[in-house]
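**Q** Task: produce atomic coordinates for the following.
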Amino acid sequence: MIPLIVFLVILVVFVLWAVGAYNGLVTLRNRFKNAFAQIDVQLKRRYDLIPNLVETAKAYLSHERETLEAVIAARNQAQSAAKAASADPANAAAMQNLLGAEQGLAGAMSRLNVVVEAYPDLKADQNMRQLSEELTSTENKVAFARQHYNDSVMAYNTKREIFPSVIIANMFNFGPAVLFEIEDSQQREAPKVSFS
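**A** Take a look at the predicted model:
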C-alpha cells in the first residue's frame, strides 16, 4: 500500500510540474508575441508617415524619381513583411523576412536623406521638418519596443532551453523565437531622417 501511495505522490508531483512548465512556456510565448505587437504598432506608424514624407519631397525632387520610388517600394515590402510577421511572431522565416525588408527600407531612407541634404529649400519646408520629427520619434519608439521584444524573446528561449523545461518544450513543439536584430552594423542605428 505504501509503494502505491509513494507512486501516486510522485505522479501528482510530476503532473503538477509538467502543467507548471507548460503554463510558464505559454506565458512567456504570449509575452513575446505581445512585445512584437508593440513593435508592429510603431512600424505601422512609420509606414504611414513615409508616403507623406515622399509626397512632400516630390515637389522638390521631381528629377529624383528613382529614389522616391525606391523608398515607396521598400516601404511596401517592409509593410507586407511586417503584416506576415505580426500574424505569427513565432515564425522564424517571417521574422527573417521582416528583418531583411527593414534593412532595405533603412537603406532607401538613407539614400533619400542624402538626396534631401542637397536641397536646402526642401530641408527648410515646414511640413518636411514636422514629418521628419515624427519619423525620428517613431524610430526611437521602435528601438524601445524592439528592446522589450528581444528581452521577452530571451526569457522565452532561455525557459524553453533549460532542463527540465526543455522536455515539455519539445513535447509540445515550443519552437525558438527569433530576436529582432539588425544584421548590418551600419543599420544598427535608427535611420537618420533629420532634414533640418
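**Q** So which other helices or strands are in contact with the lowest-mean-pLDDT helix or strand in the chain?
**A** Ranked by mean pLDDT, DSSP states H and E, the weakest helix or strand in the chain is helix 120-124, scoring a mean of 79. Contacts defined by 3 or more CB pairs under 8 Å, 6 or more residues apart in numbering; DSSP states H and E place helix 120-124 against helix 92-117. C-beta coordinates here come from the backbone N, C-alpha and C atoms, glycine included.
**Q** list the helices and strands the helix it packs on packs on?
**A** Here helix 92-117 touches helix 2-58, helix 65-87, helix 120-124, going by 3+ CB pairs under 8 Å, 6+ apart.
**Q** low-confidence ranges in this protein?
**A** 183-196 (pLDDT under 70).
**Q** Assign Ala90 to helix, strand or coil.
**A** What DSSP: H, G, I helix; E, B strand; the rest coil gives for Ala90 is coil.
**Q** Hmm, Gln79 is touching Asp48, no?
**A** No: here Gln79 does not reach Asp48: they are 9.2 Å apart, not a contact under CB atoms under 8 Å.
**Q** Looking only at neighbour counts, state which of the two leads.
**A** The residue with more neighbours, out of Gln79 and Asp48, is Gln79; 18 against 13, by other CB atoms under 10 Å.
**Q** residues in contact with the residue lying closest to the more buried one once chain neighbours are set aside?
**A** Using CB to CB, 6 or more residues apart in numbering and skipping residues adjacent in sequence, the residue nearest Gln79 is Tyr47, 4.5 Å away. The neighbourhood of Tyr47, defined by CB atoms under 8 Å, 6 or more residues apart in numbering, consists of 75, 78-79, 82.
**Q** Need those residues in JSON lines (columns: distance to Arg65).
**A** Shown next, in JSON lines, are the contacts of Tyr47 (distance: CB to CB, whole Å):
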{"residue": "Arg75", "distance to Arg65": "16"}
{"residue": "Ala78", "distance to Arg65": "20"}
{"residue": "Gln79", "distance to Arg65": "21"}
{"residue": "Ala82", "distance to Arg65": "26"}
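**Q** ok, and the most crowded of these?
**A** Neighbour-wise, these (other CB under 10 Å) top out at Ala78, 25 neighbours.
**Q** which residues touch that one?
**A** 43, 47, 98, 101-102, 104-105.
**Q** 7 Å instead?
**A** Ala78 makes contacts with 47, 101-102, 104-105, as judged by CB atoms under 7 Å, 6 or more residues apart in numbering.
**Q** Quick check: the farthest pair among those?
**A** Tyr47 and Gly104 (13.2 Å; CB to CB).
**Q** want to try JSON lines for the helices and strands packed on helix 92-117, with distance to Ile162 as columns?
**A** Output for those, formatted as JSON lines (distance: least, CB to CB, whole Å):
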{"stretch": "helix 2-58", "distance to Ile162": "10"}
{"stretch": "helix 65-87", "distance to Ile162": "26"}
{"stretch": "helix 120-124", "distance to Ile162": "53"}
